[in-house]
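Novice: Next comes the sequence, and after it the predicted model I'd like to discuss.
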Amino acid sequence: MFQLSLWSLPPLAALCLVLATATHLRSNRDIPGVDQLRLLCACLAFWSAGELADSLLIGERAKVIVSSVQYLGVVATPVAWLAFALCYTRHRRRLERATLASLCVFPCVTLLLVATNPAHGLMWTGTELIAHAGVVSLGFAWGPWFVVHAVYSYALVFAATVILAFVLSQSKHHRKPLVAVTAGPAVTLLLNLVYLSPWNPTPGFDPTPLGFTLALLTLNDGVLRAGLLDAVPVVRHRVVERLTDGVVIVNGAGRVIDINPSAVEVLTGAASTSPNRALTELVASADLEPLVAGDEQSTVIQIGLRVFDVNATELDVNTDRRGEKALVFRDVTARQRTENELRRAQQDLERLAHTDFLTSLHNRRYFMQRLREETDRVRRHRTRLSVVLFDLDDFKRVNDAHGHDAGDRVLQVIANVVGELKRSSDVAARIGGEEFAILLPETDAPGALQLAQRLRATIEARRIASQTGQAISVTVSVGVATAAVIAREYDQILISADEALYRAKNRGRNQVCVSA
């Protein structure tokens with residue numbers, strides 16, 4: 001005997017929606033948790049099919065048999081929902097066997113008790129046909145184990161929903177899926193509680209499939225269409241724990257609240273450490289204090305042989321827990337090494353651009369730049385500046401007699417003599433073939449003349465060995481010019497020194513002349 005009523009529509013709609021959802025899941029084969037979600041659909045389909053059959057049948061025995069068989073879907077649905085939540089949030093394809101086995105203990109006991117209920121009555125103590133609004137339904141007098149089964153099922157559904165809700169709440173982009181995964185189970189459980197309560201307005205008829213219908217509509221729109229399965233959740237153990245950068249959470253007092261394994265290895269060298277320690281116990285660096293207690297947001301510190309870029313981000317800026325900060329330690333040792341190498345290379349290039357290759361003194365370009373700068377400084381501060389210009393006498397004779405290699409050796413020795421006699425603040429340069437210049441800041445005419453005489457005498461006395469073993473001696477003619485109080489143009493100072501140099505040449509060489 002069969003009956004047709006409006007109560008057949010909710011389980012039929014739920015069954016169709018479950019099948020449609022299962023079909024939709026075929027395109028998400030590699031998503032973590034999709035196998036468990038398919039199992040959930042199968043359980044809901046079995047449960048909905050049982051409710052549909054129960055709504056169509058009239059005989060008490062037939063209804064009892066259908067209700068007993070549909071318990072396969074009833075007991076497995078909460079387990080499948082929790083399995084999906086665990087696999088999805090942990091980014092796994094399946095649960096560990098031990099976990100799955102422990103979750104299935106109570107459902108298996110329930111199925112066994114359902115099958116043997118006539119012998120003990122633990123699931124239900126009796127049944128009766130109830131006629132309501134012209135429709136026949138089956139009423140149960142529930143036994144003690146049914147209460148255990150209901151509490152356990154509610155607990156699994158609640159735990160799964162809380163897990164999903166917690167993970168989704170970590171991102172503001174998952175607000176719609178968050179509402180879906182909480183509203184769907186909540187509606188289903190609420191209607192199931194109505195069915196079990198004495199205030200059920202339709203005794204004998206289970207409105208839970210109506211909850212399935214509403215839950216699946218919500219889940220389908222808020223989860224599957226929103227792309228929740230394609231956006232695998234990002235949780236702490238997958239991000240913070242596995243980051244190669246060290247992450248340390250500190251409170252306003254500078255004590256460590258949380259720390260990830262990378263930070264433990266960086267700061268302590270150990271495999272693990274306990275929180276609630278002062279940050280200064282982990283790393284002794286005064287540069288971290290402005291990040292923890294001040295407004296600084298980044299700094300660079302060195303721990304051992306490694307260099308770290310540390311960035312601080314304040315947490316909970318709009319709550320009462322202000323002062324908590326996340327410190328991220330990023331290893332920039334390789335980058336720092338590369339930057340240092342580039343800096344040294346740049347310095348080498350600059351040095352080469354300002355240096356005479358043969359004598360390692362400054363070149364003419366650099367000398368003229370410094371002469372211009374020092375001349376401007378004389379004007380601003382009303383100080384003194386002197387220039388010593390000297391040229392080797394008859395240097396062509398050295399090259400002709402001993403060769404150009406010997407001539408180069410003579411120029412190098414002259415450069416060494418200049419380096420020995422000048423002050424660290426003086427600037428010595430080779431400005432021509434055998435012509436040299438020395439810039440003497442803060443030096444008056446007598447001081448410059450004294451240096452020039454020492455330079456001339458030292459070079460005259462120096463003997464330079466050629467490749468043939470023959471000693472080479474050279475002399476120099478020197479010109480000195482001084483700019484005092486109100487300096488002339490920088491090129492005029494050099495011209496004055498050059499004129500003094502040529503006077504020394506014309507007077508017989510190997511002597512010093514001072515410009516007028």
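Specialist: Received it, and whenever you're ready, just let me know what you need.
Novice: Read off the pLDDT value for C513.
Specialist: pLDDT, C513: 95.
Novice: Can you check my assumption that it lies in a helix?
Specialist: No. C513 is assigned strand when assessed by DSSP: H, G, I helix; E, B strand; the rest coil, not a helix.
Novice: residues near it, how many?
Specialist: Using other Cβ atoms under 10 Å, the number of residues around C513 comes to 22. Every residue, glycine included, has its C-beta placed from N, CA and C.
Novice: for V310, same thing?
Specialist: Count around V310 with other Cβ under 10 Å applied: 22.
Novice: Also R351?
Specialist: R351 has 12 nearby residues by other Cβ under 10 Å.
Novice: Against T313, how distant is it?
Specialist: 42 Å (Cβ to Cβ, to the nearest Å).
Novice: Pull the number of nearby residues for L189.
Specialist: 19.
Novice: That one: which element?
Specialist: helix 175-196 (DSSP states H and E).
Novice: For that helix, name the packing helices and strands.
Specialist: helix 144-168, helix 208-219 (3 or more Cβ pairs under 8 Å, 6 or more residues apart in numbering; DSSP states H and E).
Novice: For this protein, which residues score under the pLDDT cut-off?
Specialist: 1, 27-32, 91-93, 170-178, 202-205, 209-210, 212-241, 268-276, 316-323, 484-490 (pLDDT under 70).
Novice: Show the residue spans covered by the strands in it.
Specialist: 124-132, 135-142, 246-250, 256-259, 298-303, 306-314, 325-331, 384-392, 427-430, 435-441, 464-465, 471-472, 476-484, 512-514 (DSSP state E).
Novice: Counting neighbours, show which residues of the first one come out buried.
Specialist: The reference is to strand 124-132. For strand 124-132, the neighbour count (16 or more other Cβ atoms under 10 Å) marks W124, T127 as buried.
Novice: that older thread, got the strands of the chain as a markdown table, with distance to F158 columns?
Specialist: Output for the strands of the chain, formatted as a markdown table (distance: least, Cβ to Cβ, whole Å):
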| stretch | distance to F158 |
| --- | --- |
| strand 124-132 | 24 |
| strand 135-142 | 21 |
| strand 246-250 | 30 |
| strand 256-259 | 27 |
| strand 298-303 | 44 |
| strand 306-314 | 34 |
| strand 325-331 | 32 |
| strand 384-392 | 88 |
| strand 427-430 | 83 |
| strand 435-441 | 84 |
| strand 464-465 | 97 |
| strand 471-472 | 101 |
| strand 476-484 | 92 |
| strand 512-514 | 102 |
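Novice: got the contact list for stretch 414-430?
Specialist: 356, 358-364, 366-367, 370, 392, 411, 436-442, 451, 454-455, 458-459, 462, 474, 476 (Cβ atoms under 8 Å, 6 or more residues apart in numbering).
Novice: Spell out which residues make up each domain of this protein.
Specialist: 6-224, 240-336, 355-514 (automatic domain parsing).
Novice: From the chain's centroid, how far away is the last one?
Specialist: Here domain 355-514 shows a centroid-to-chain-centroid distance of 57 Å under the convention Cα atoms, centre = their mean, to the nearest Å.
Novice: got the end-to-end distance for that domain?
Specialist: Start-to-end span of domain 355-514 (Cα to Cα, to the nearest Å) is 28 Å.
Novice: before we move on, the earlier item: show me the one of the strands of the chain that comes nearest H404.
Specialist: Closest to H404 of those is strand 471-472 (Cβ to Cβ; 13.0 Å).
Novice: Give me the distance between the two termini of stretch 413-433.
Specialist: Using Cα to Cα, the two ends of stretch 413-433 sit 14 Å apart.
Novice: List the buried residues for it?
Specialist: 413-415, 417-418, 421-422, 426-431.
Novice: Please apply the same query to stretch 442-462.
Specialist: Per 16+ other Cβ under 10 Å, stretch 442-462 contains these buried residues: E442, T443, A448, L449, L451, A452, L455, R456, I459, R462.
Novice: Of the residues you listed, which is the nearest to L129?
Specialist: Distances from L129 to the buried residues of stretch 442-462, taken by Cβ to Cβ, are shortest for E442, at 118.1 Å.
Novice: which among the buried residues of stretch 413-433 gets closest to A406?
Specialist: Scanning the buried residues of stretch 413-433 for proximity to A406, where the rule is Cβ to Cβ, the winner is V413, at 10.5 Å.
Novice: Would you enumerate the residues in contact with the closest one?
Specialist: Contacts of V413 (Cβ under 8 Å, 6+ apart): R462, I464.
Novice: cool, H354 as well?
Specialist: Here H354 is in contact with H362, N363, R365, Y366 (criterion: Cβ under 8 Å, 6+ apart).
Novice: so which two of the residues you listed are the farthest from each other?
Specialist: Maximum distance among the contacts of H354 (Cβ to Cβ): 8.4 Å, for H362 and R365.
Novice: more neighbours, the two?
Specialist: Neighbours were counted for H362 and for R365 using other Cβ under 10 Å; H362 has more, 22 against 12.
Novice: Is the more buried one bridged to anything, and to what?
Specialist: T355, A429 (DSSP bridges).
Novice: same question, V307
Specialist: Q302.
Novice: Does it touch T299 like I think?
Specialist: No. The pair V307 / T299 is not scored as a contact, 11.2 Å apart, by Cβ atoms under 8 Å.
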